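**Q** Need the 3D shape of this:
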Amino acid sequence: MDIDPFELERFFARFEHDADIMLAESGIRSLDSSRFDSDPGEMGYVIPTNGDPELRETIGDDHGRDADEVLCTVGCQEANFLAFAATMGDHAVVVTPTYQSLYAVPEAFGEVTKVELEPPEWDLDVDAVADAIRDDTALVVLNNPNNPTGRYLSEETVRAVYDLAADNGSYLLCDEVYRLLAEDPLPPVSSLGEYGISTSSVTKSFGLAGCRFGWLAGPREVVEAAWNWKDYTTISPTKHGQHIATQALAQREEILAENRALADDHREKTRAFVERHGLDWYEPTGVNGFITVPDGFHSGISFCERVVEEESVVLAPGNAFGQPDYFRLGFGLPTEELEEGLGRLDAFLERHA
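**A** Model (predicted):
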């Protein structure tokens, strides 16, 4: 088993620690721990190790699944890894561009066929998915809303992809970490039928990355197989993360209303920046803008390197997503930091106009 280096994480490792502003963060600004009771009591394992039954029931209610069809994990990254380990056979179909682990991990287990979203609208050709599915396809993989483009595929499109997968006896896995930042979230893929799997966490929509708490919801046989793999990874979710996540889900409506309002305000500020400099983007759902590289720069990585060297602002190069003509700008950070970061980008682009 071999896996490629995670290009985006390696890029961040070069610059993130010393830079002034992280304008590539892909989630909403972090909530302060003072908002919650942060004392979980005795710091033992979570028992049972698949997560608190009442919390799994709460998550299951939102995902069209029973408590026993939910597995609590250490972030969505682990949920995705366990889902791939549990379901991956010879072949998977992955819709790209997307977060690298969503194709790199299944490639470590078998063969992957990529189906590209089509710029500039980043729409999905369902017929292309149909053409990519083979008799030995174990699963189809979506990220909706999409990272990095911010495209939120319609319910009609997602259901069409689900039907293709189900008709082939393949699972549809959807990473839905940004779903709850949408004003009108689609039904989770796990609720569409026996072949639907949803993964998510409290990281992106709730602003609780430090909790490292996520989940997988789907068919019982997948959840049980993933739990078997989890015995060899983290064993249980974190006690502290589960304690905070339980409270956050109880405050769901209040927290999500605040975060959606922040995302809307910051989207407008970022739109103004894009328009000031004659750049292009597909206006996103969530807090990631995928923006065309300005004229005069060879690629996203050369542009992002110059920006961090001259302005101490970290952006995410589109090269890490297989799209060298773009860069990702995360506008979910605190307002003061976003405004400072956009101001530095303004100064940079004015110098290089």
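
**Q** Just say helix, strand or coil for D295.
**A** Under the three-state scheme (DSSP: H, G, I helix; E, B strand; the rest coil), D295 adopts coil.

**Q** Give the burial count for it, as a bare number.
**A** Neighbours of D295 under the rule other CB atoms under 10 Å: 10. C-beta: built from backbone N, CA, C; applies to glycine.

**Q** what residues are up against it?
**A** Not one residue lies near D295 by CB atoms under 8 Å, 6 or more residues apart in numbering.

**Q** what do you get for V94?
**A** Taking CB under 8 Å, 6+ apart as the test, what V94 contacts is L102, Y103, P106, V112, T113, K114, V115, V140, V141.

**Q** just G241 next, same as before
**A** Contacts of G241 (CB under 8 Å, 6+ apart): V74, C211, R212, F213.

**Q** most surrounded residue in these?
**A** That'd be F213 among these, by other CB under 10 Å, with 30 neighbours.

**Q** And the strands in the stretch 1-150 of the chain, which stretches?
**A** Along the stretch 1-150 of the chain, the segments classed as strands by DSSP state E, counting those that start in this stretch run 21-22, 70-73, 91-96, 111-116, 137-143.

**Q** Strand partners (parallel or antiparallel) of the fourth one?
**A** Here strand 111-116 has these sheet partners by DSSP bridges: strand 91-96 (parallel).

**Q** what's the angle from the strand it pairs with to strand 137-143?
**A** Interaxial angle of strand 91-96 relative to strand 137-143 (axes from the mean of the first three to the mean of the last three CA atoms, to 10 degrees): 10 degrees.

**Q** CA atoms only: put strand 91-96 into PDB for me.
**A** Extracted C-alpha coordinates of strand 91-96, given in PDB (Å, rounded to 0.1, in the frame of the first residue of the first chain):
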ATOM      1  CA  HIS A  91     -12.300   0.400  -8.600                       C
ATOM      2  CA  ALA A  92     -13.900   3.800  -7.500                       C
ATOM      3  CA  VAL A  93     -15.200   6.800  -9.400                       C
ATOM      4  CA  VAL A  94     -14.300  10.200  -7.900                       C
ATOM      5  CA  VAL A  95     -15.600  13.600  -8.900                       C
ATOM      6  CA  THR A  96     -12.800  16.100  -9.000                       C
END
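
**Q** Quickly list what the closest residue to D280 other than its chain neighbours is bridged to.
**A** Residue nearest to D280 in three dimensions, not counting chain neighbours: T292, with 4.5 Å by CB to CB, 6 or more residues apart in numbering. Applying DSSP bridges to T292 gives these bridge partners: Y326.

**Q** Wait, T292 touches Y326, no?
**A** Yes - T292 lies in contact with Y326 (CB atoms under 8 Å); the separation is 6.0 Å.

**Q** need the contacts of G241 in CSV with distance to R10, secondary structure and pLDDT, can you?
**A** Formatted as CSV, the contacts of G241 follow (distance: CB to CB, whole Å; DSSP: H, G, I helix; E, B strand; the rest coil; pLDDT from 0 to 100):
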residue, distance to R10, secondary structure, pLDDT
V74, 21, coil, 98
C211, 25, helix, 96
R212, 21, coil, 97
F213, 25, coil, 98
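
**Q** Show me which of those residues is closest to F11.
**A** Using CB to CB, the shortest approach to F11 within those belongs to R212, at 21.8 Å.

**Q** close enough to count as contact, that closest one and V74?
**A** Yes - contact criterion CB under 8 Å: R212 and V74 qualify, at 4.9 Å.

**Q** Overlap in contacts, the two.
**A** By CB under 8 Å, 6+ apart, the residues touching both R212 and V74 are P237, T238, G241.

**Q** domain assignment for the protein?
**A** 7-26+253-346, 40-250 (automatic domain parsing).

**Q** closest to H352 out of these?
**A** Using CB to CB, the nearest of the domains of the chain to H352 is domain 7-26+253-346, at 6.1 Å.

**Q** Next, the distance between the ends of the closest one.
**A** 27 Å (CA to CA, to the nearest Å).

**Q** average pLDDT for it?
**A** Domain 7-26+253-346 comes out with an average pLDDT of 97.

**Q** before we move on, back to that, so between T292 and Y326, which is more surrounded?
**A** Shown here are T292 and Y326; by other CB under 10 Å, Y326 has more neighbours (27 against 19).

**Q** List the residues that contact the more buried one.
**A** Counted by CB under 8 Å, 6+ apart, Y326 has contacts P148, F290, I291, T292, V293, G300, G318.

**Q** again, but for G193
**A** Applying CB under 8 Å, 6+ apart, the residues near G193 are Y162, A166.

**Q** so it sits in a helix?
**A** No - G193: not assigned to a helix; according to three-state DSSP it is coil.

**Q** If you count contacts, what does the biggest helix by length in the chain end up packed against?
**A** When the chain is parsed with DSSP state H, its longest helix is helix 252-276. For helix 252-276, the packing partners by 3 or more CB pairs under 8 Å, 6 or more residues apart in numbering; DSSP states H and E come out as strand 288-292, helix 335-351.

**Q** relative to helix 335-351, how tilted is it?
**A** Using the same axes, to 10 degrees: helix 252-276 against helix 335-351 is 10 degrees.

**Q** Show me which positions of helix 252-276 end up buried.
**A** I255, L256, N259, R260, L262, A263, H266, R267, T270, F273, V274 (16 or more other CB atoms under 10 Å).
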